[in-house]
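In: Kindly return the folded structure for what I paste below:
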Amino acid sequence: MKAATLLAFDYGTDAIGVAVGSTHSGLAQDLTTVRSGTRGPDWEHIARLIEEWQPQALVVGLPRNMDDSDNPMTHAARGFADILTERYHLAVHMVDERLTTVAAKNTLVESGVPGRRHKAMLDRFAAKAILQTFLDEHALGNL
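Out: Got it, this is the predicted structure:
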């Protein structure tokens, strides 16, 4: 498989965590947090990230309940993924994001990050967990 750069998003109504990774290294790295709000995501910030990293595909976390049912954020994340596809003409892969926030919190604690800084870093660490899940699941396959 040809090496590909990927950007991943942990979509939220207030903030969107972003991570970057490569199929070559198989590793994800937290990158930044994009503001979101009543007017939607900061599309200019997202466009700058796409321009800078030149990803071959995008990954968006799909929030689901533990019983596999949808929740209010499931539809919103799918809508965000649809807009990414329309705007940037890249493949967008949805990845089950259950427990990624828990994994992100654990990573922050294990890394010794002070509790007061967790909120600011949580979204991008969740995006890293989402992307790492995708990379691990697709290590032997194609995008």
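In: Please enumerate the strands of this structure.
Out: 5-10, 15-22, 27-35, 57-62, 91-96 (DSSP state E).
In: Would you mind checking the average pLDDT for the third one?
Out: Regarding strand 27-35, the rounded mean pLDDT is 95.
In: What residues sit buried inside that strand?
Out: Of all the residues in strand 27-35, those buried under the rule 16 or more other CB atoms under 10 Å are A28, D30, L31, T33, V34. The C-beta positions use only the backbone N, C-alpha and C, and glycine is treated the same way.
In: Check the offset of that strand from the chain's centre.
Out: Taking CA atoms, centre = their mean, to the nearest Å, one finds strand 27-35 lying 7 Å from the centre of the chain it belongs to.
In: could you dump that strand to CSV, C-alpha only?
Out: Only the C-alpha atoms of strand 27-35 are listed here, as CSV (Å, rounded to 0.1, in the frame of the first residue of the first chain):
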residue,chain,number,x,y,z
LEU,A,27,1.1,6.3,14.1
ALA,A,28,-1.3,9.1,14.9
GLN,A,29,-0.3,12.4,16.6
ASP,A,30,-2.5,15.0,18.2
LEU,A,31,-2.4,18.2,16.2
THR,A,32,-4.8,21.0,17.3
THR,A,33,-8.4,22.0,18.2
VAL,A,34,-10.7,23.8,15.8
ARG,A,35,-13.3,26.0,17.2
